[in-house]
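Student: Quick one: sequence plus predicted model below, questions after.
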Amino acid sequence: MRFESVKSDVTVIGGGLSGVCAAVAAARNGKQVALVQNRPMLGGNSSSEIRVWVVGATGHGVNRYARETGIMGEMFLKNQYVNPDGNPYLWDMVVLETVRNEKNIQLFLNTDVHEVEADGLQDERVIHSVTGWMMGSERKIRFESPVFLDCTGDGLVGFLAGAKYRIGREAHSEFFEKWAPEEADDITLGSTLLFYTKEVDHPVNYIAPSFAKDITQTPIPIKRVLRSGDSGCHYWWIEWGGEIDTLHDNERIRDELWSVIYGIWDYIKNSGKFDAERMTLEWVGSIPGKREYRRFIGDYVLNQNDLEVQTLFDDCVTFGGWSIDLHQKEGMYAVDHLSMHFHSDGTFQIPYRSLYSTNVRNLLFAGRNISATHIAFGATRVMGTCATIGEAAGTAAALCVEYGVTPRGLYESHIKELQQALLWQDASIIGIRHEDEKELARQAKISASSYTATINIDSSDEKHPLVADAGILLPVDPDIANIEILMDVAEATTVEVELWRTGRPENYIPVALQVKDAVHVQAGKMQWVSFHLPWNPAQAENAFIIVRENSNVQLHLSHKPWSGVLSFVREKALNAARGLEGLDPNQLVVQWSMRRTVRKPFCMRRHELTEVYHPSKAVDGYMRPYGGPHMWSAEASGQPEWLHLKWDDPVAVNEVHLTFNDDVNEDLINLHHHRTPFEVIPELVKSYKIEIHCNEEWVMVAEVDNNRQRKQVHHFEESLTMQEMRIVCTETNGHSQFEIAGIQIR
């Protein structure tokens, strides 16, 4: 046997997406990182071993402008380009490459940590090392560092270190959560196995194994949707184990899930009720995708009330947006099979205090084991959110080492530095401005070759019957007076239009009526109808304009997206067939859907000048939409366009960070839930160069010709002294306008 010792600044145990993002974040912040994973591949539940698609704050398109940025966002965009068909093995490579590109990370695969050296009193525990066994290599490895991150999902490291934790559901009396039971219990969400199928060019027989369950003796054929062409996460509901111990009974749970999978396939193939003659099983999982076990206790326990009211935290480090999504304890055998969903009115904040142990001084955690109640965990548990939590925790770990403080000490003395560090690296934070005192871009005078000063969406590509209320989200800065809407009118009628406020800047629903207008319109096609909707908000924000249902009217949809402008249709009925089972139909965020209008704005125009896309928006400290798009958008001239920065005195520049608009409203997916029709986000600037003014001429100091990422960082080996800089954009990936969401310079 071979014994080894590894010393680093940060040790991350667990190589799911939370652990990957934690390790990468700590490494990019200059720390030496050991990433320890007990499987032969990274990715956790998203890997090719388990194959759960990565979902997050978008809620499959329910929330607007909610896709994750930062490290998770990089992987989404990389996967979109190299793996548009959602091959699970290619996704493995995207995740692996993300880690291997970081020279500060030592990766230890197949290494199962099962020993922890920790001491101290119950409320002052300290971890000194963890030890793992590398399977297949007979290596026993001891990992030492000042800070440890438990990203194992089940929370084994924290458990062995004596960290306080919970399993199961809290009593209603503890947090007064609406969905909490009267008495606490050990009920958790169950685990799931998935399977893939494919169609071949010849008939395929299927003989079920002896252990296959006869599902006709269960509620499954009656209560569940079975289709011969479905596979993978269509069968998320093959879930079991919530009433037993999802950890210690893992083998029993796997066997039960196997019996049902092979029984379901027997039913599809041999019952005569399906067109499945040429269908065959391509893959069956062998590792249950576990949803829930230990949840550690931090200095704050996130709960249902926080998600419902979208609590604002002074230590916000990331956001979520998946619904509170809880399933029946009987899993696939439940007679009443509907899962429970509650969507906040928009995204919700996750505080840093929920990411470190209340009693183990040097332990942070990320993923499904963070400090949250069972009910709040129902929304934070999804992998896109876990990944952003990982980036926040990994960045915090690096700063703990940098400042020589504990995770709690970081909250007490350096929480603003943590937030600013996360914003600097384009992590997923909404509503906080980047205000680094060392940042030079905001000290400059900024101008541009041009900017979009009016909103004019006039290319009609599709007609839309107004059989239900329609909505238009429109950014307003500084005010609005009139709006024109393109419509066909079959018979003379009165068209009613209303302007509503969205409430909070991160929300995209109508909550407060401001003004309305009704116009009598004669019959006719392609009419621009003007509505008087005067509104002068105190600061820039979005207007939600409702065009009320009218059977005599057809609106027009353009197939040319316009950044900052969205279109909605109010759903009259919500049903399980659309994946909306268990939803409260009174939730406005679900009622106002973009399912049929993604990237298709209603044809409308405003003739008044607006500052929404002014070049100053690129340096206002917001890198993503928040009460407006917060980006510079040039006019669609068909020529190169530029942003120009000029300082009063010469400045020394070491690095330039450019954040391009990648339409965070677009709901990307890593596997097979849906296929996005483009491999690169069209809005992304494809080709650009950075120039500085030197000796009365412009000198290029950096150039990129095939950009496919949201954020690009340019480091200069030697400081560049300058008084003027410009970013010259020469080509996009398909969009008609050049758009930059942020410039940061040091």
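Tutor: Structure received. Bear in mind that the values here come from a model prediction, so they are computed numbers and not experimental data.
Student: Just give the closest residue to Gly61, not the sequence neighbours.
Tutor: With CB to CB, 6 or more residues apart in numbering as the criterion, Gly61 has its nearest non-adjacent residue at 4.5 Å, and that residue is Asp667. From N, CA and C alone the C-beta is placed, and that goes for glycine too.
Student: and what of Ser173?
Tutor: In space, and not counting its chain neighbours, Ser173 is closest to Glu182: 7.8 Å by CB to CB, 6+ apart.
Student: Also Met631?
Tutor: Leaving out its chain neighbours, the residue that sits closest to Met631 by CB to CB, 6+ apart is Ala741, at 4.4 Å.
Student: Ile745 contacts Leu440, correct?
Tutor: Yes - counting by CB atoms under 8 Å, Leu440 is a contact partner of Ile745 at 4.1 Å.
Student: measure the residue lying closest to Pro465 once chain neighbours are set aside to Ser344 for me?
Tutor: Spatial nearest neighbour of Pro465, chain neighbours left out: Gln554 (5.3 Å); criterion: CB to CB, 6+ apart. For Gln554, the distance to Ser344 (CB to CB, to the nearest Å) stands at 34 Å.
Student: and these two? which has more neighbours close in?
Tutor: Taking other CB atoms under 10 Å, Gln554 and Ser344 do not tie; Ser344 has more neighbours (24 against 19).
Student: ok, the more buried one - contacts?
Tutor: Ser344 sits next to Leu307, Glu308, Gln310, Gly321, Val589 when contact means CB atoms under 8 Å, 6 or more residues apart in numbering.
Student: from those, which ones fall inside helices?
Tutor: Among those, the members falling in helices (DSSP state H) are Leu307, Glu308, Val589.
Student: Identify the contacts common to Ile745 and Leu440.
Tutor: Val651, Val653.
Student: which residues does the closest residue to Ser48 other than its chain neighbours contact?
Tutor: Distances taken as CB to CB, 6+ apart put Pro88 closest to Ser48, at 3.9 Å, once the chain neighbours are dropped. Contacts for Pro88 (CB under 8 Å, 6+ apart) come out as Ser47, Ser48, Arg51, Leu671.
Student: now with 7 Å?
Tutor: Applying CB atoms under 7 Å, 6 or more residues apart in numbering, we find Pro88 in contact with Ser48, Arg51, Leu671.
Student: try Ala379
Tutor: Leu307, Gly320, Trp322, Ser323, Ile324, Asp325.
Student: okay, now the closest residue in space to Ser593 that isn't next to it in sequence: neighbour count?
Tutor: Residue nearest to Ser593 in three dimensions, not counting chain neighbours: Glu571, with 5.1 Å by CB to CB, 6+ apart. Other residues near Glu571 come to 19 when the count uses other CB under 10 Å.
Student: likewise Thr494?
Tutor: 11.
Student: Okay, buried residues for stretch 448-466 please.
Tutor: Residues Ala448, Ser449, Ser450, Tyr451, Thr452, Ile455, Ile457, Ser460, His464, Leu466 are the ones in stretch 448-466 that count as buried (16 or more other CB atoms under 10 Å).
Student: For beta bridges, what are the partners of the first one?
Tutor: Going by DSSP bridges, Ala448 is paired in beta bridges with Leu643.
Student: Stretch 259-276: which residues count as buried?
Tutor: Buried, per 16+ other CB under 10 Å, within stretch 259-276: Ser259, Val260, Ile261, Tyr262, Gly263, Ile264, Trp265, Asp266, Tyr267, Ile268, Lys269, Ala276.
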